[in-house]
Each structure stands twice: as structure tokens, then as C-alpha cells.
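Q: Below: sequence and its predicted model.
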Amino acid sequence: MPSLKHLKSKHEDLEEEYEEVRKKLKWFKKEEKTKSDSEAKYELRQRIEEYEARLEEIEEELEELEEKINQSEQAGDSNLENPQTFDFLYKSLLKLGYWEQHNRFEEIAGKYSHGVFLIQGNSKDYGQRWLLNRLASIIPRILEGKKIIIDLNRTSSRTDILAIWDEFAGRVGLAEKSLPSQIADKICELRKSQNVLIVFNNVDETVKENLCDLLNDFWVSLTTKIIEDNQQNLFKLLIFFLDYQNVVTQWNVGFVDNYNSDWQPNYPLELPTINPFSNEDLRDWLNYQNDFLPSAMCANKAETIRMLLEKQGIPMPTLRKICDICGCNWFEQEGKWLRI
């Protein structure tokens, strides 16, 4: 988090810009009233809308800065030593890396109300759960809806698909031995009143046949019902499979990796494999997040990057190292930051 002096200086600059924009907006509105030519009025209206939008942006920035100034003053400008200020660090960490997966998911989630996604990386240190929580945060109120999390690493469900169906049924309020089609019916019913988020964790620990059954017996049945329903649904239905060994793509179970204009949400989508953070990723992040990080991070960016690259860019060790530099214990915040 920047110093109190820097925050106040930036606040003053924004207030000056706000006043300048407000004056120009007032002038454009006055000019619009005097014009009779439709083309000239249209151009003025465009400028008015631009300046109105900028005023709203500045107001939001000012409110955020004022909150930071208040927190900094209350904390004695302690540079993130006060736990209340860790929220700023968390928001900054959400801007580091994973952009290929983030942008692709954001585009799809903006177009469609349902979908299946594979999140994959070479080990748990690549932050599959971190990415899952980051993607979930894109969807308003998704965590307030129905969450169903099934761990495929349980002894009973590693090879036994019937154990998976029984657990799935129980998590949606159905009796044991319920059929996949009945579970799909229940999911459709739940989705009429709320967002539904389903996570199959440790999918790499189950067997290929189980994953095929989940996609063919459950997802196909579910999408068929969605198509038959043929009604606009304001709620999201999202399913994630988390692969911690990067093996699922080798199973050839039907995930599509080429997202293009022909893709439909009925096809399970393989999000790009998570890669280590690069030197460029870290440098750009430090530059763009400079105002939201403590001085210890940004005073010598080259040295900070050098320390972070000791973790070889592997996401989770790198995130934990950033927290350490900022005086934040990752493990104390993990439960709050990883809600799924």
C-alpha cells in the first residue's frame, strides 16, 4: 500500500481533474442547447457522455482513495502491518498472472449461462484453487448460490462411479442410488432460483472411465434438459474440474481446447494450462499495482523481481513470497481468500 503522503497527493490530483472535467461538461451541455444542426448536437452529445462517464470514474477513484487514506491514518501508515489492510494486497494479487485463463472465461461467462471448464497445471503449486476462486469472483453473487464440491480423491470415489453418484445425490438432497438423470433434474430445479457452482476436485486422482461417465451420463443429460427448457435463465450453472497433474487432456474424454466462434457451452472447455509467472508478468504487475503495494515491494523493483524469481515463477510459492515481503502470512489469510 502506498504512503499516506502519496495517497493524499493523488487525491488532490484527482480532485483537480474532477473540477476540470466538470467545467468542460457544463460547457458542452450549454453548447448543445444552442445548436440546431443534428450532426453537431450528436457530436456534442457523444462528448457529454464521455465526460459524464469520466466523472463517474473519478468519483469511484476518489471514494476508493478516501477509504485507503482513512485506513492508512487509522493504522498509522503501517504499510500493511494492520490486518485490515490485507484486502488491498488480496485485490492486487488477483491481478497477477492467469490472464489467458481469466480473459477466456470472462468472455464465455459474459455470453453464456452455463458451461464446463477444466483447470489444469503440473502440481497444486500452480494454483488451480486460487484460479478457481478468481474466476468465480467474476460472476456476481455466484458464491451466494448453491455450491457443490466433490473430492474425487476420496477412497470410495477414486474408482467407484456409484460412490460418486451417491455423494452427488446426497449433496443436492436426493436419496442414494438416484440416477444421473435425476441429479440433472434436481440441478435444473435449483438453477431456477439461484446460481449453481459445481466443483470436482482432484479429478486427476480418479480414473478416466469415471470422468467419461460424469461428462456423458451427467453433463449430456443436463445440457439436453437446458436445451429442452429453452428459457432465458438469469442464473449461472458452472462446473469446474481441477486437475493437479496435467493428465486429463491425455485421456481424450471430450474437452475442447480450441475456443472459437463455433464453440457452444454444451462442449466441455479446457482452459489453457497454467504456466509459471515470467519476469515480464512480475514487472508489469509491480508497475500497474505500484499504488496498492507497500513501499517494500516497489522501492527496488529489480531486486523484488529477483527475489520472487527464486521461486521459479511457480504461482503459489511466488504468491506466498509476496505476502511474506508485505508482512502478511499467507496461511492466515488462505481460509478467507480461498472460499471454494
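A: Now that the structure is in, tell me what you want to look at. Numbering: from 1, shown residues only.
Q: Provide a list of residue ranges in this protein with pLDDT below threshold.
A: Within the chain, the stretches with pLDDT under 70 are 1-5, 71-85, 155-157, 230-232.
Q: Now do the helices in it.
A: Listed in chain order, the helices of the chain (DSSP state H) span residues 4-34, 38-74, 86-93, 99-111, 128-136, 161-171, 180-191, 208-213, 220-229, 279-288, 295-298, 301-309, 315-325, 330-337.
Q: Could you single out the most deeply buried of these?
A: helix 128-136 (a mean of 21; mean count of other Cβ atoms under 10 Å). (Each C-beta comes from the backbone N, C-alpha and C, glycine too.)
Q: thinking in terms of the whole chain, how far from its middle is that one?
A: Relative to the chain's own centre, helix 128-136 is displaced by 6 Å; criterion: Cα atoms, centre = their mean, to the nearest Å.
Q: Check which helices and strands it sits against.
A: helix 99-111, strand 114-120, strand 237-243, helix 315-325 (3 or more Cβ pairs under 8 Å, 6 or more residues apart in numbering; DSSP states H and E).
Q: Only C-alpha atoms, please: export that helix in PDB.
A: Taking Å, rounded to 0.1, in the frame of the first residue of the first chain, the C-alpha atoms of helix 128-136 are listed here in PDB:
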ATOM      1  CA  GLN A 128      -5.700 -24.300  -9.500                       C
ATOM      2  CA  ARG A 129      -7.800 -23.500  -6.500                       C
ATOM      3  CA  TRP A 130      -6.600 -19.900  -6.500                       C
ATOM      4  CA  LEU A 131      -7.600 -19.600 -10.200                       C
ATOM      5  CA  LEU A 132     -11.000 -21.200  -9.500                       C
ATOM      6  CA  ASN A 133     -11.700 -18.600  -6.800                       C
ATOM      7  CA  ARG A 134     -10.500 -15.800  -9.100                       C
ATOM      8  CA  LEU A 135     -12.800 -17.000 -11.900                       C
ATOM      9  CA  ALA A 136     -15.700 -17.400  -9.500                       C
END
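Q: Now tell me what touches it from outside.
A: 94, 98, 101-102, 105, 117, 119-121, 142-143, 197, 199, 238, 240, 242-244, 274, 315-316, 319, 337-340 (Cβ atoms under 8 Å, 6 or more residues apart in numbering).
Q: Including distance to residue 262, could the helices of the chain go into JSON lines?
A: Shown next, in JSON lines, are these (distance: least, Cβ to Cβ, whole Å):
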{"stretch": "helix 4-34", "distance to residue 262": "44"}
{"stretch": "helix 38-74", "distance to residue 262": "35"}
{"stretch": "helix 86-93", "distance to residue 262": "35"}
{"stretch": "helix 99-111", "distance to residue 262": "13"}
{"stretch": "helix 128-136", "distance to residue 262": "23"}
{"stretch": "helix 161-171", "distance to residue 262": "31"}
{"stretch": "helix 180-191", "distance to residue 262": "25"}
{"stretch": "helix 208-213", "distance to residue 262": "23"}
{"stretch": "helix 220-229", "distance to residue 262": "16"}
{"stretch": "helix 279-288", "distance to residue 262": "31"}
{"stretch": "helix 295-298", "distance to residue 262": "44"}
{"stretch": "helix 301-309", "distance to residue 262": "39"}
{"stretch": "helix 315-325", "distance to residue 262": "31"}
{"stretch": "helix 330-337", "distance to residue 262": "37"}
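Q: Select, out of those, the one closest to residue 249.
A: helix 208-213 (11.4 Å; Cβ to Cβ).
Q: quick one: terminal-to-terminal distance for stretch 286-306?
A: End-to-end distance for stretch 286-306: 13 Å, by Cα to Cα, to the nearest Å.
Q: check contacts around residue 199.
A: 132, 147, 148, 149, 150, 239, 240, 242, 340.
Q: residues touching the fifth one, list them.
A: Shown in contact with residue 150 (Cβ under 8 Å, 6+ apart): 157, 164, 167, 168, 171, 198, 199, 200, 201.
Q: cool, the second one as well?
A: For residue 147, the residues meeting the contact criterion (Cβ under 8 Å, 6+ apart) are 197, 198, 199, 340.
Q: For those, which two are the farthest from each other?
A: Between any two of those (Cβ to Cβ), the greatest distance is 10.6 Å, for 198 and 340.
Q: The two: which has the busier surroundings?
A: residue 198 (22 against 17; other Cβ atoms under 10 Å).
Q: thinking again about what came up before, distance to residue 7 added to the contacts of residue 150, as CSV?
A: Formatted as CSV, the contacts of residue 150 follow (distance: Cβ to Cβ, whole Å):
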residue, distance to residue 7
157, 51
164, 51
167, 50
168, 49
171, 46
198, 42
199, 38
200, 44
201, 40
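Q: hang on, residue 6 packs against residue 291?
A: Yes. With contact defined as Cβ atoms under 8 Å, residue 6 counts as touching residue 291 (7.4 Å).
Q: Centre of the chain to stretch 145-164, how far?
A: With Cα atoms, centre = their mean, you get 24 Å for stretch 145-164.
Q: next one: stretch 164-178 to chain centre, how far?
A: 29 Å.
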